[in-house]
Structure formats: C-alpha cells, structure tokens
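>>> Prediction below, plus the sequence it came from.
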Amino acid sequence: MESPSSDSGPDGKGFRRVVLKLSGESFATRGERGISMVEVERIAEQVHRACCSGCQMAVVIGGGNILRGAQFKGANSRIQEATAHYMGMLATVINGLALQDALESRGSNTRLMTAIRMDGVAEPYIRRRAKRHLEKGRVVILAAGTGSPFVTTDTAAAQRALELEADVVLKATRVDGVFSDDPEKNPHAVLYRQLNYRVFHQRNLRVMDQTAITQCMEHDLPVIVFNYRVDGNIERAIRGETIGTLISSKPMDENLVVE
C-alpha cells in the first residue's frame, strides 16, 4: 500500500481518500432500535457535502441497530454464533440500502458493494472495482463486513482502508473522541486529543476494536475518532482540521493528551 501523502491530514491540506466507519446505532434514534430516516438523512447530508469537496469516500456500515451477532454469544443461545454473525452482516446491507437512497436523493452517485453476494440489490465487493468507483467520484457503501463471521465492522473498515489505499479511517461516534472512560457514564472522563497506537492498547481503550487498531498500527494508517452528531464534523475531518482524537504512530505530545 502506498503511504498517505505527506501533505494529507491534520498537518496538511486534508485527505484525498477516506474510509468512514458508521455504527449501526448512528442510523437509529438514540436509545432505540431500527432505522430512523431522520438520522440517516442527517448523515447523508454530511457525507454528500463532504464528497462535493472532492474527497473520495468509502463508507463501512455496522448493523447493531437491527441485530448484533455477539448478542447470541453464549451456551444458552439457540442460534449458533457463526450464524448470528451472518445475520448481523445482512443487517448492515439493510442500512446500506437506506443510506444509498438518502445519498442519491441529494444527487450523490453511489455504489453499494457487499462482501456476501446478493446481486439483486448490490454489487459484489471487488477491490479494483471499488477503487475505480472512488476515482469516478462515487460514494462507495461497503456492507456485510468482511464476509466472514467473528470479525467486527471496525476491523472491516481498517481492512478496506488498507485495500483501497485510503489516507485515514474516520471513526464516527456519538461522543467527541476517545476518553479515559465512558463519558456518558463518567462525567469526569477526560478527552484525549492525540494518542499513539501503543498507548491506545496499553490503556485498553474501547472506542474501537483492538484488532482494527493493530492493523492500522502495522501499516501506519491513522484513525480519527470524532462526533458525527456535530453538523459539519465529517467535512472538518476530511479537511484535516483538528477535531476529535487522532490515533497514529506520532510520538505523543503531552500538551495534547487530555483536555
């Protein structure tokens, strides 16, 4: 994989190509399940504006608003865990169809690609084809994770970013970045503005799957964790503005560690 250009990111002119990771919960009203088209429309508007700036964007989607494969884990489950993971992958395709319609209603050109073949609703994920779509300015929506069970969609986002030679993984959350503890439960949790990959592991921070962070660390692929609920934050992130938390190989600046 080519390394990100030296002028991309927080210290330069912004990002040329990104992978945006959206959780399934971002498609639902807070505290509820299912799909809220109000929430989907809000995300679609931000993605559409960001792509209008010229950034090439692939979007990896979770399915937790509909079903999580991990919820069937355990000896008492009547559904095999692998089967449950496949069910979760299908849930991400439902979310992908909703996002695709919302984006196209705004004039975005899109392609929905899935790791599990379902030719009636989406293209199969083929790396070269996905790259070509990005080069043509299409928003590529990547669903069904990696197509294999026991792999999170965070890890799928890291893997697709590496395959597609993205400059960064943008991890969209409902809080302002990576905190020392869950800020929704602990009001004294502090926000890290900058983290080194190894420090992220050492402090056992949970905002993103550890396997995904390890993949990014091994290939020096930066991750930005930010609050997608703040309107315009996706655009700010691709412009390389300082928002959220930057996780990278850079030595940590202690003046930026916490706020």
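Happy to help now that I have it.
>>> now the strands for the stretch 51-200 of the chain?
56-61, 110-114, 123-124, 139-143, 168-173, 178-179, 191-192, 194-196 (DSSP state E, counting those that start in this stretch).
>>> Reformat those as TSV; add mean pLDDT, mean neighbour count and distance to residue 213.
(Glycine included, C-beta is placed from N, CA and C.) Converted to TSV, those look like this (pLDDT from 0 to 100; neighbours: other C-beta atoms under 10 Å; distance: least, C-beta to C-beta, whole Å):
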stretch	mean pLDDT	mean neighbour count	distance to residue 213
strand 56-61	98	27	15
strand 110-114	98	22	24
strand 123-124	98	15	28
strand 139-143	98	28	19
strand 168-173	97	26	10
strand 178-179	94	25	11
strand 191-192	92	20	13
strand 194-196	93	22	10
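>>> Figure out which of these is closest to residue 231.
Between residue 231 and those, the tightest spacing by C-beta to C-beta is seen for strand 168-173, at 12.7 Å.
>>> Out of the strands of the stretch 51-200 of the chain, flag the one nearest residue 234.
For the strands of the stretch 51-200 of the chain, proximity to residue 234 was assessed by C-beta to C-beta; strand 168-173 is nearest, at 7.1 Å.
>>> For the closest one, which outside residues touch it?
4, 8-9, 15, 18-23, 26, 154, 157-158, 161, 207-208, 212, 216, 221-228, 234, 237-238 (C-beta atoms under 8 Å, 6 or more residues apart in numbering).
>>> Can you select the buried ones among those for me in PyMOL?
Applied in PyMOL, the following selects the buried portion of these according to 16 or more other C-beta atoms under 10 Å:
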select buried, resi 4+8+9+15+18+19+20+21+22+23+26+154+157+158+161+207+208+212+216+221+222+223+224+225+226+228+234+237+238
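>>> returning to what we had before: any chance of the strands of the stretch 51-200 of the chain in TSV, plus distance to residue 97?
Converted to TSV, the strands of the stretch 51-200 of the chain look like this (distance: least, C-beta to C-beta, whole Å):
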stretch	distance to residue 97
strand 56-61	10
strand 110-114	7
strand 123-124	13
strand 139-143	8
strand 168-173	19
strand 178-179	31
strand 191-192	35
strand 194-196	35
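>>> hmm, back to that, mark which of the contacts of strand 168-173 are part of helices, please.
Counted as lying in helices by DSSP state H, out of those, are 154, 157-158, 161, 212, 216, 234, 237-238.
>>> returning to what we had before: the strands of the stretch 51-200 of the chain: which one's closest to residue 95?
The minimum distance between residue 95 and the strands of the stretch 51-200 of the chain falls on strand 56-61, with 4.8 Å, by C-beta to C-beta.
>>> Starting from that closest one, tell me which strands it pairs with and how they run.
Paired with strand 56-61 in the same sheet, following DSSP bridges, are strand 17-22 (parallel), strand 139-143 (parallel).
>>> Out of the strands of the stretch 51-200 of the chain, flag the one nearest residue 34.
Short answer: strand 56-61, nearest of those by C-beta to C-beta, at 14.7 Å.
>>> export that closest one as PDB, just CAs?
Extracted as PDB, the C-alpha positions of strand 56-61 are listed here (Å, rounded to 0.1, in the frame of the first residue of the first chain):
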ATOM      1  CA  GLN A  56     -13.100  10.200  -2.300                       C
ATOM      2  CA  MET A  57     -15.200   8.400   0.300                       C
ATOM      3  CA  ALA A  58     -16.000   4.700   1.100                       C
ATOM      4  CA  VAL A  59     -18.400   4.100   4.000                       C
ATOM      5  CA  VAL A  60     -18.300   1.000   6.100                       C
ATOM      6  CA  ILE A  61     -21.600   0.400   8.000                       C
END
